[in-house]
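J.: Structure of the sequence below:
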Amino acid sequence: MKPILSIDITQFISELALLMETGISIKKALEIVQIEPEKPAMYKLIAAIQADIQNGLSLADSWAKYPQYFEPFLVDSLRNQAITLSQFAAYRESLTEPENDLIQELRYSLSYFMVMTLLFLAISSLLLIYVIPSFSMMYHEIGASLPIITIFVINISDFCVEYRWLILLLLLGLGLLLRFQWYRVKLYLPLFGDFYHKVALTRCLRTCAFMLSQRASLAKAFDAAAQAVSNPIYAKVLQQVSQQIMTGTSLINALTQQAFFPKKLIHTTVIGLQTNQLEKLLLKLADVYTKQLCQLIKPIIKIYNFVGIIFIAIIIGIFVIAMYMPIFMIGSLI
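T.: Numbering: from 1, shown residues only. Have a look, this model is predicted:
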């Protein structure tokens with residue numbers, strides 16, 4: 001079953017808001033939205049919300065049961081009638097639409113890169129464990145003098161053959177570590193890391209601007225941003241900023257103490273506070289970062305794919321040359 005994505009929830013909220021603006025009841029709107037959904041998981045979620053409404057819960061109370069899909073700060077605002085459903089939908093669209101295509105393209109690129117990496121590991125394992133030992137045995141039997149590169153590759157092959165199960169366990173462990181710590185690792189990847197930093201910053205800026213437009217305090221705005229960003233590291237940093245503001249620390253000092261916030265953001269915040277235009281300037285900076293993301297994505301993908309192919313070709317080429325070089329040397333002596 002395909003998982004529910006952020007864009008699925010955004011589309012659901014937008015359709016629901018549009019229907020309710022026409023005067024249709026919440027029950028009827030949910031029935032219409034539920035007709036032939038593309039994903040069974042989304043169908044089940046809407047059915048569960050319908051059941052909650054029929055049992056007397058409000059829409060906000062029902063959504064509060066699913067914090068993984070509906071941001072708690074938005075649900076609370078909706079419950080307290082601080083925002084309308086249309087504003088809820090507009091905020092979600094401002095986050096989802098600009099970055100969705102970019103993230104999808106990046107995911108496809110990373111998937112391609114991972115497939116290439118697995119293919120490289122499979123070919124390298126085949127060569128090191130099965131092919132190279134055969135060459136090594138042949139050269140040992142004829143007593144040939146081997147080049148340094150051939151000796152080096154044979155030593156690597158012997159090590160891999162002797163400790164192949166340990167290496168396999170280490171690779172599996174590394175894979176599991178990457179799986180569960182991916183939110184941390186991706187922030188430090190060359191080139192990709194800058195992309196993910198800007199995605200988190202963009203979500204933070206748009207969320208803060210939205211909350212400030214609803215006359216929320218700075219502390220509540222950054223607490224909401226912590227719920228909106230999809231990375232736990234950024235969420236923790238934003239919560240710390242929110243707590244510092246609540247204890248009396250100025251916003252500038254709170255931001256300066258965190259290494260994740262670039263100087264451009266801090267400079268923009270200073271101007272925004274001085275001119276009383278913080279909300280507008282944060283949105284403008286978010287637009288700047290979104291534009292940079294659009295410019296970054298294709299070069300990043302091309303560079304990673306090119307480097308990956310070249311790296312695989314070089315390593316496989318070294319293995320082949322190392323194994324056939326003694327044959328060429330022996331042939332030249334005959």
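
J.: Buried ones in stretch 307-316, by neighbour count?
T.: Using 16 or more other Cβ atoms under 10 Å as the test for burial, stretch 307-316 gives 308, 312. C-betas here are computed from N, CA, C, even on glycine.

J.: Can I get that stretch as CSV, trimmed to CA atoms?
T.: Extracted in CSV, the C-alpha atoms of stretch 307-316 (Å, rounded to 0.1, in the frame of the first residue of the first chain):
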residue,chain,number,x,y,z
VAL,A,307,30.9,11.3,-10.4
GLY,A,308,29.2,8.0,-9.6
ILE,A,309,29.6,6.6,-13.1
ILE,A,310,33.3,7.8,-13.3
PHE,A,311,34.1,6.3,-9.9
ILE,A,312,32.5,2.9,-10.8
ALA,A,313,34.3,2.9,-14.2
ILE,A,314,37.7,3.7,-12.5
ILE,A,315,37.4,1.0,-9.8
ILE,A,316,36.3,-1.7,-12.2
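
J.: who's in contact with that stretch?
T.: Here stretch 307-316 makes contact (Cβ atoms under 8 Å, 6 or more residues apart in numbering) with 113, 116, 117, 119, 120, 123, 124, 127.

J.: Quick one: mean pLDDT for it?
T.: Averaging pLDDT along stretch 307-316 yields 84.

J.: tell me how far that stretch is from the chain's mean position?
T.: 25 Å (Cα atoms, centre = their mean, to the nearest Å).

J.: still on that earlier bit, let me know the closest of the contacts of stretch 307-316 to residue 265.
T.: Closest approach between the contacts of stretch 307-316 and residue 265, by Cβ to Cβ: residue 113, at 29.9 Å.

J.: Pull the contacting residues for the closest one.
T.: Going by Cβ under 8 Å, 6+ apart, residue 113 touches 304, 305, 308.

J.: what sits against residue 226?
T.: Contacts for residue 226 were tallied using Cβ under 8 Å, 6+ apart; they are 234, 235, 236, 238, 239, 242.

J.: returning to what we had before: of the contacts of stretch 307-316, buried ones?
T.: 113, 116, 120, 124, 127.

J.: Would you reformat the residues you listed as a markdown table and include pLDDT and distance to residue 61?
T.: Below are the buried ones among the contacts of stretch 307-316 laid out as a markdown table (pLDDT from 0 to 100; distance: Cβ to Cβ, whole Å):
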| residue | pLDDT | distance to residue 61 |
| --- | --- | --- |
| 113 | 74 | 43 |
| 116 | 80 | 48 |
| 120 | 83 | 52 |
| 124 | 84 | 55 |
| 127 | 83 | 61 |
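
J.: Could you work out the most separated pair of those residues?
T.: 113 and 127 (21.1 Å).

J.: Between all of the contacts of stretch 307-316, which two are separated the most?
T.: Maximum distance among the contacts of stretch 307-316 (Cβ to Cβ): 21.1 Å, for 113 and 127.

J.: What about residue 188, how many residues nearby?
T.: Using other Cβ atoms under 10 Å, residue 188 has 10 other residues around it.

J.: Return the distance of it relative to residue 225.
T.: According to Cβ to Cβ, to the nearest Å, residue 188 and residue 225 sit 22 Å apart.

J.: now, among the buried ones among the contacts of stretch 307-316, which is nearest to residue 26?
T.: residue 113 (44.7 Å).

J.: For the closest one, grab phi and psi.
T.: Per-residue torsions, residue 113: phi -60, psi -40 (degrees, to the nearest 10).
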